[in-house]
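Participant: Sequence below, structure please.
(chains A and B)
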Protein chains: 2
Amino acid sequence: MILEGIKVIDFSRVFAGPAATQLLGDLGADVIKIEARGGDETRHYGKPPSADHAKADSAPFNALNRNKRSIVIDLKSDSGRKVALQLVREADVVVHNFRPGVMERLGLGFDALKAINPALVYAEFTAYGDCGPLRDVGANDLALQAHSGLISITGAPGQDPVRCGTAVVDLHGSLALVVGILGALFHRTRTGTGQKVASSLLLSAAHLMSYFYTEYWEDGTERAPMGTANHLSVPNQAFPARDGQVVIIASTDPQWRRVSETLGDPRLKADRFATVLSRKANREVLVELISEITSSHSAQALVERLGAAKVTCSKVNSIGEAASCDQLAAIGGRLKLEGAHGIESVAPPVQFGENPAPPISPPPAAGADTRSILAEAGFAEAEIAALLREGAVDAC
Amino acid sequence: MILEGIKVIDFSRVFAGPAATQLLGDLGADVIKIEARGGDETRHYGKPPSADHAKADSAPFNALNRNKRSIVIDLKSDSGRKVALQLVREADVVVHNFRPGVMERLGLGFDALKAINPALVYAEFTAYGDCGPLRDVGANDLALQAHSGLISITGAPGQDPVRCGTAVVDLHGSLALVVGILGALFHRTRTGTGQKVASSLLLSAAHLMSYFYTEYWEDGTERAPMGTANHLSVPNQAFPARDGQVVIIASTDPQWRRVSETLGDPRLKADRFATVLSRKANREVLVELISEITSSHSAQALVERLGAAKVTCSKVNSIGEAASCDQLAAIGGRLKLEGAHGIESVAPPVQFGENPAPPISPPPAAGADTRSILAEAGFAEAEIAALLREGAVDAC
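Facilitator: Model (predicted):
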């Protein structure tokens, strides 16, 4: 396993941090999730407030917390912080996504942890970074979809823009953080020393928006929502089928010739549609013409005919159609978590040829592993009992 | 630098592959971009067809191709393939995003390259993976937004769904590929051997959709577009200001109490809005009430007042407002590419405390480094001249 023997102490909550540490666990790291009493708030997203929060397992929680063990620590207590420090002493990686300054106030800032563990990789995920005018502003995925301009280019033309339906900024940020952690671990093999790596919702969102910003910085262009269409080429959007919708894309002229030949209508061969620029100039009439042609076919037939001609296309699937698609299972993209009453989960986004995936354990209840984690860290049974009694840690 | 001394041979084109190798270059790797004559097709996205494609530099190309050198090789010629093999012999990493089977037909498949370089990390990025019923179907970012169900949850309620405005699947996939490459390089420091790592648009999109699939697999729930709103909590969407829009989020009850106190209208304190579940049950009336309150204030004033109360919120920015925001520059998120006539570019999505960023070189013209790359790889001047003459390579 890629990260065999690597121990991760995970102070993170909600989406981006837990998604990052889940991937580290998928790669074989030993991930210890530190939770406050009541557990990660994601556990009860959409659940009744009366539920037992420590055990509540919302779909978002289940999707992002496999391959971890859980310990509940009260970081506001002196004894709780001492437990956390003891865990960090033996760790390779610390991950947190508290607001700037919180870890420092807890005595768990980078400098303090580096002093007791110089080889530590300290991974910090914030909202807007740890300096600058927005340093202390709270944010989440939607806030950064709004701040970054992503919302401003998503939606139907001329109408109120909308959010991208999933938490793209959080999940993209989770991979950025893993890139930082793996880069720092690689660097440590050369130098023996750790370092701080930092990502943020802002850096993550800006990376997603990169070519729109570069264009704006070049000539002031600001794009606007175009429905399913795109400013770079035509066709490059959804078209109506008899029983749904199909996206058809031709980014280049050779790709367009394959589209026009496959759809087979002679009107598509007109000169005014022959080049990328002329198709963009005649966008409206071309989209109408293609729509007229596609709407008399089934989505299935369109995808089969266009696909066979090597045209880039796809049916517009519902969540259920997408999740059930044979292809995802065929490439190992759908994981069954053993012993978890049938919880299923999406695989890591990258696969390693020479490295078997580790066993997949289901998301833990909050504090499920408190006792064993403390025992491994060298606490005697009487110490563990005392910590539980005074409420510095909690178990279930 | 994290990847000092690491040589990357990059056969990839368009978005996901080049975004991945740009990040490797940002981390200090020596990235050699192999282009066909005319260059990466992204160079002329949106440019007139008469332009000199090898030099065309569209915003998407500029955004994703800094810190690389370029060599033009005709991989359809025997001599061209020999040049590529010679480059791979000395490399640490190969990256490609051809369709399944293309690299094998070129004699550049994993097994062939492993035979001449057992320590090689071979990173493959495909559309739907290298097996399964959709293996040979062409795809791009939009196709996977459609296939994955992302489009089906993006848009205004009751209307045709839309795409997420940026190439999220491509860019997310680029980070997944970098995770694979760094993981394999780390593993190589322990074992001395390389391996194949694989990601795809499908794995990338599925990772973005993970909690929607887990929910569907649990109980069959299929979400639908909700504009800027969200099924998990209320408020969690955009609200009208006097001069624009502001997103306001309360995922939990304590967060809601901060919203209702800051907005200050006693009607918000009603019992029917007190809990996550009751706010969801009374979504429509609550959204209308908050909208009534927010629409009489400026966006600026709302963000300042709510932000000071630690409410998660943001103005809905345009591309220009987002790209120009001081915060992005303050955290080092905006890079000026020296010598590139003012091209500016978004920084890597993660920052390393102990590792200075490498010098930033602008995107190269196609074939700008052909001669020097061949000379470094051991080709004599007469051999280089012969390769140029027969068209196996090209230079500019």
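
Participant: which residues of the stretch 101-250 of chain A fall in strands?
Facilitator: In the stretch 101-250 of chain A, strands defined by DSSP state E, counting those that start in this stretch lie at A:121-126, A:195-200, A:236-241, A:244-249, listed in chain order.

Participant: Is it possible to get JSON lines of those strands that adds mean pLDDT, mean neighbour count and distance to chain B?
Facilitator: For every residue, glycine as well, the C-beta is placed using N, CA and C. Below are the strands of the stretch 101-250 of chain A laid out as JSON lines (pLDDT from 0 to 100; neighbours: other C-beta atoms under 10 Å in any protein chain shown; distance: least, C-beta to the nearest C-beta, whole Å):
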{"stretch": "strand A:121-126", "mean pLDDT": "98", "mean neighbour count": "26", "distance to chain B": "8"}
{"stretch": "strand A:195-200", "mean pLDDT": "98", "mean neighbour count": "26", "distance to chain B": "4"}
{"stretch": "strand A:236-241", "mean pLDDT": "98", "mean neighbour count": "23", "distance to chain B": "6"}
{"stretch": "strand A:244-249", "mean pLDDT": "98", "mean neighbour count": "24", "distance to chain B": "4"}
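
Participant: Other residues contacting stretch A:236-247?
Facilitator: Here stretch A:236-247 makes contact (C-beta atoms under 8 Å, 6 or more residues apart in numbering or on different chains) with A:226-230, A:248-251, A:287, A:290-291, A:294-299, A:302-303, A:306, A:313-316, B:142-143, B:145-146, B:151, B:160, B:163.

Participant: List the ones among those that fall in helices.
Facilitator: Among the contacts of stretch A:236-247, the subset assigned to helices under DSSP state H consists of A:287, A:290-291, A:294, A:299, A:302-303, A:306, B:142-143, B:145-146.

Participant: What residues sit buried inside stretch A:65-80?
Facilitator: A:65-75, A:79-80 (16 or more other C-beta atoms under 10 Å in any protein chain shown).

Participant: got the angle between the longest helix anywhere in chain A and strand A:121-126?
Facilitator: When chain A is parsed with DSSP H, its longest helix is helix A:168-191. Interaxial angle of helix A:168-191 relative to strand A:121-126 (axes from the mean of the first three to the mean of the last three C-alpha atoms, to 10 degrees): 160 degrees.

Participant: can you tell me the helix or strand for A:Pro356?
Facilitator: A:Pro356 is part of no helix or strand when elements are defined by DSSP states H and E.

Participant: Can you tell me which residue of the stretch 201-350 of chain A sits closest to chain B?
Facilitator: A:Ala330 (3.1 Å; C-beta to the nearest C-beta).

Participant: all helices of the stretch 251-396 of chain A, in order?
Facilitator: Using DSSP state H, counting those that start in this stretch, the helices of the stretch 251-396 of chain A run over A:253-263, A:276-281, A:283-294, A:299-308, A:319-324, A:326-330, A:370-376, A:381-390.

Participant: Let's check: the centremost residue of chain A is which one?
Facilitator: When C-alpha atoms, centre = their mean is applied to chain A, the residue found nearest the centroid is A:Leu171 (1.6 Å).

Participant: My understanding was that that residue contacts B:Phe212; is that so?
Facilitator: No - using C-beta atoms under 8 Å as the test, A:Leu171 is too far from B:Phe212 to be in contact (11.4 Å).

Participant: From A:Ser296, how far off is the residue nearest to the centre of chain A?
Facilitator: Note on A:Leu171: its distance to A:Ser296, by C-beta to C-beta, to the nearest Å, is 38 Å.

Participant: can you check A:Arg279 too?
Facilitator: Taking C-beta to C-beta, one finds A:Arg279 at 22 Å from A:Ser296.

Participant: swap in A:Leu232?
Facilitator: A:Leu232 is 28 Å from A:Ser296, by C-beta to C-beta.

Participant: Give me the more crowded residue out of these two.
Facilitator: More crowded of A:Leu232 and A:Ser296, by other C-beta atoms under 10 Å in any protein chain shown: A:Leu232, with 18 against 11.

Participant: Using PDB, write out every CA atom in the longest helix of chain A.
Facilitator: The C-alpha coordinates for helix A:168-191 follow below in PDB (Å, rounded to 0.1, in the frame of the first residue of the first chain):
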ATOM      1  CA  VAL A 168     -17.000  21.200  -6.200                       C
ATOM      2  CA  VAL A 169     -14.900  23.600  -4.300                       C
ATOM      3  CA  ASP A 170     -14.700  21.400  -1.200                       C
ATOM      4  CA  LEU A 171     -14.000  18.300  -3.100                       C
ATOM      5  CA  HIS A 172     -11.400  19.900  -5.400                       C
ATOM      6  CA  GLY A 173      -9.800  21.400  -2.400                       C
ATOM      7  CA  SER A 174      -9.600  17.900  -0.800                       C
ATOM      8  CA  LEU A 175      -7.400  16.700  -3.700                       C
ATOM      9  CA  ALA A 176      -5.300  19.900  -3.500                       C
ATOM     10  CA  LEU A 177      -4.600  19.100   0.100                       C
ATOM     11  CA  VAL A 178      -3.700  15.500  -0.700                       C
ATOM     12  CA  VAL A 179      -1.300  16.800  -3.400                       C
ATOM     13  CA  GLY A 180       0.400  18.900  -0.700                       C
ATOM     14  CA  ILE A 181       0.600  16.100   1.800                       C
ATOM     15  CA  LEU A 182       2.000  13.600  -0.700                       C
ATOM     16  CA  GLY A 183       4.500  16.200  -2.100                       C
ATOM     17  CA  ALA A 184       5.700  16.900   1.500                       C
ATOM     18  CA  LEU A 185       6.000  13.200   2.300                       C
ATOM     19  CA  PHE A 186       8.100  12.700  -0.900                       C
ATOM     20  CA  HIS A 187      10.200  15.700   0.100                       C
ATOM     21  CA  ARG A 188      10.700  14.300   3.600                       C
ATOM     22  CA  THR A 189      12.200  11.100   2.100                       C
ATOM     23  CA  ARG A 190      14.900  13.300   0.700                       C
ATOM     24  CA  THR A 191      15.500  15.600   3.600                       C
END
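
Participant: Could you list the buried residues of it?
Facilitator: Of all the residues in helix A:168-191, those buried under the rule 16+ other C-beta under 10 Å are A:168-188.

Participant: which residues does A:Val8 contact?
Facilitator: Per C-beta under 8 Å, 6+ apart, neighbours of A:Val8: A:21, A:24-25, A:29-32, A:91-95.

Participant: Most distant residue from the centre of chain A?
Facilitator: In chain A, counting by C-alpha atoms, centre = their mean, A:Pro266 sits farthest out from the average C-alpha position, at 44.6 Å.

Participant: hang on, the earlier thing: what subset of the contacts of stretch A:236-247 is buried?
Facilitator: The buried subset of the contacts of stretch A:236-247 (16+ other C-beta under 10 Å) comprises A:226-230, A:248-251, A:287, A:290, A:294, A:297, A:299, A:302-303, A:306, A:313-316, B:142-143, B:145-146, B:151, B:163.

Participant: tell me which element the residue lying closest to A:Leu177 once chain neighbours are set aside is part of?
Facilitator: Nearest-residue entry for A:Leu177: A:Ala20, 4.2 Å, with adjacent residues in sequence omitted and distances by C-beta to C-beta, 6 or more residues apart in numbering or on different chains. For A:Ala20, the host element (DSSP H and E) is helix A:16-26.
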